[in-house]
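1. could you work out the structure for the sequence below:
(one chain, ligands or ions: 1)
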Amino acid sequence: MVGQIFGPGAIALESLDSSQFVFINALPKAELHAHLNGCIPISELQQMAHEYQRSNKDSSDVVQKAIVQLQNGVVLEKIYDFFDLFPGIYALTSDPASLRRATRTVLAQFLDGPTPQCAYLELRSTPRETAQMSKLEYVQTVLDEVERYPKARVALIVSLDRRMSVEVARECVQIASRLKSEGRRVVGVDLCGDPKAGDMSLFAEHFAQAKQAGLGVTLHIAETLDNPADEILQLLSYSPDRLGHATFLNDEAKALVRQNKSCIEICLSSNLFCKTVTKLEDHHIRYYLQHDHPITICTDDTLPFRNSLVGEYALLLAKQPLGLGLSEDEVRRIAEMGMAARFGV
Ligand SMILES: CNc1ncnc2c1ncn2[C@@H]1O[C@H](COP(=O)(O)O)[C@@H](O)[C@H]1O
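-> Numbers count the residues shown, from 1 in each chain. The predicted structure is shown next:
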């Protein structure tokens, strides 16, 4: 159940022959880096916007602007423009019913149909308090949908946003830990949000607490050139199990990452759209492949990037310059590394 995809993944997919297409679809793949509110199918979001505008006539400008942009294909000058898309989306998922609806559609997009995008999904989302729900209710609502599927297919990662205060981040980790201890399907915590925001030295206690509760830790790290070396080393000192992007690591950080064997969540289309990587042949995936370091291939945000996991895998297999020109054996090995890096199951 995947809508039409566009961009580099779609072009790469188009270039494959039918046996390569069958190969990619049949490969058991794990999607370990997908943001809930960044992955709502546009058709569903349009429908939600339509209903929202009928009931909230006065405050629909921000929603309308986001929908038009998302519909036409987002063009980002720089990564920071990306975060402006979310207020419009958030207005549409601010009560339990609409959040439940969005979650159900996102899960179906990845997991349903005769050839699902992935065998296993770790969906992530940031607990958000609104006039209609608390952060705890937010996470419970998402989990209610996640748990409609078998354990072997999907789990939830609770995201901390870099903009959060110490108190709010602490509350989010407490929620994740408490729900896990109650047997709910929370398997990890994430650090995400505007890469320039926040003071990362304040997050030490949160990741220590999460680890103590048996949760996996994944951190967006070095996503932009603006992320300073000391911040990157600080984040690495929290002993993350996995790392999101890891685009701009210096030699010291690279050595640490290789030593710790933290799996890198690679989001090819996302990096190209956000212009943190200029072209596929320059992508840091090459470094990790050369060093046989664990990686996993992910979509990040299928709504703005209009991509799919199958399209991301097509980028691995397609001949250069449309793709990386890897062999089927190399692609199979990457898929296996992804399955091996799951927090859940
Ligand atoms: C492009 N790369 C990225 N880098 C950093 N953070 C990102 C991101 N893509 C998404 N998010 C984070 O995920 C939130 C949306 O999903 P949830 O509301 O949590 O479900 C965004 O607000 C942002 O904080």
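2. got the end-to-end distance for stretch 178-194?
-> 27 Å (CA to CA, to the nearest Å).
3. got the buried residues for it?
-> 179-180, 184-194 (16 or more other CB atoms under 10 Å). In this view, the C-beta of every residue, glycine as well, is placed from N, C-alpha and C.
4. how about stretch 206-225?
-> 206-207, 209-211, 213, 215-224.
5. among the buried residues of stretch 178-194, name the ones in helices.
-> Taking DSSP state H as the definition of helices, the buried residues of stretch 178-194 contribute L179, K180.
6. on that earlier part again, so which of the buried residues of stretch 206-225 would count as near the ligand as well?
-> H220, E223 (CB under 6 Å from any ligand atom).
7. of the buried residues of stretch 206-225, which pair is most distant in space?
-> A213 and T224 (30.0 Å; CB to CB).
8. poorly predicted segments of this protein, please.
-> 1-3, 56-60 (pLDDT under 70).
9. what about the strands in it?
-> Applying DSSP state E to the chain gives strands spanning 30-35, 120-125, 154-161, 186-192, 216-221, 242-245, 263-266, 295-297.
10. so what touches stretch 64-75?
-> Applying CB atoms under 8 Å, 6 or more residues apart in numbering, the contact partners of stretch 64-75 are 6-7, 42, 45-46, 49, 53, 82, 85, 87-89, 273, 303-306.
11. if we can go back for a sec, and the buried residues of stretch 178-194 near the ligand, which?
-> C192, G193.
12. next, count neighbours for the residue lying closest to Y313 once chain neighbours are set aside.
-> Take Y313 and drop its neighbours on the chain: the residue closest to it by CB to CB, 6 or more residues apart in numbering is I24, 4.7 Å away. Residues lying near I24 (other CB atoms under 10 Å) number 22.
13. surely I24 touches A314?
-> Yes - between I24 and A314 there is a contact under CB atoms under 8 Å: 6.2 Å.
14. mind listing the shared neighbours of these two?
-> Residues touching both I24 and A314 by CB under 8 Å, 6+ apart: L16.
15. go through the contacts of stretch 64-75 and flag which are in helices.
-> Using DSSP H, these in helices are 7, 42, 45-46, 49, 53, 82, 87-89, 273, 303-305.
16. with these in mind, which one is nearest to the ligand?
-> F82 (5.3 Å; CB to the nearest ligand atom).
17. ok, that closest one to F305 distance?
-> 10 Å (CB to CB, to the nearest Å).
18. between those two, which has more neighbouring residues?
-> Using other CB under 10 Å as the criterion, F82 and F305 rank with F305 on top: 30 against 21.
19. which ones are touching the more buried one?
-> Shown in contact with F305 (CB under 8 Å, 6+ apart): G7, V74, S269, S270, F273, T299.
20. what's the farthest-apart pair in those residues?
-> Across these (CB to CB), the longest gap, 14.4 Å, separates V74 and T299.
21. more crowded one of these two?
-> T299 (29 against 19).
22. just to check, the more buried one is in contact with K29?
-> No - using CB under 8 Å as the test, T299 is too far from K29 to be in contact (10.6 Å).
23. give me the common contacts of these two.
-> With CB under 8 Å, 6+ apart as the test, T299 and K29 both reach L309.
24. count the neighbours of the nearest residue to R332 once chain neighbours are set aside for me.
-> Sequence neighbours aside, L27 is the residue nearest to R332 in space, at 6.4 Å (criterion: CB to CB, 6+ apart). By other CB under 10 Å, 20 other residues sit near L27.
25. tell me the contacts of L27?
-> With CB under 8 Å, 6+ apart, L27 has these contacts: Y313, V331, R332, A335.
26. quick check: of those, which has the highest neighbour count?
-> Ranking these using other CB under 10 Å puts Y313 first, with 29 neighbours.
27. mind listing what that residue touches?
-> Y313 touches I24, L27, K29, I297, V331, A335, counting by CB under 8 Å, 6+ apart.
28. in contact with the third one, which residues?
-> For K29, the contacting residues are Q117, C118, A119, Y120, I297, L309, Y313, A335, G338, M339, by CB under 8 Å, 6+ apart.
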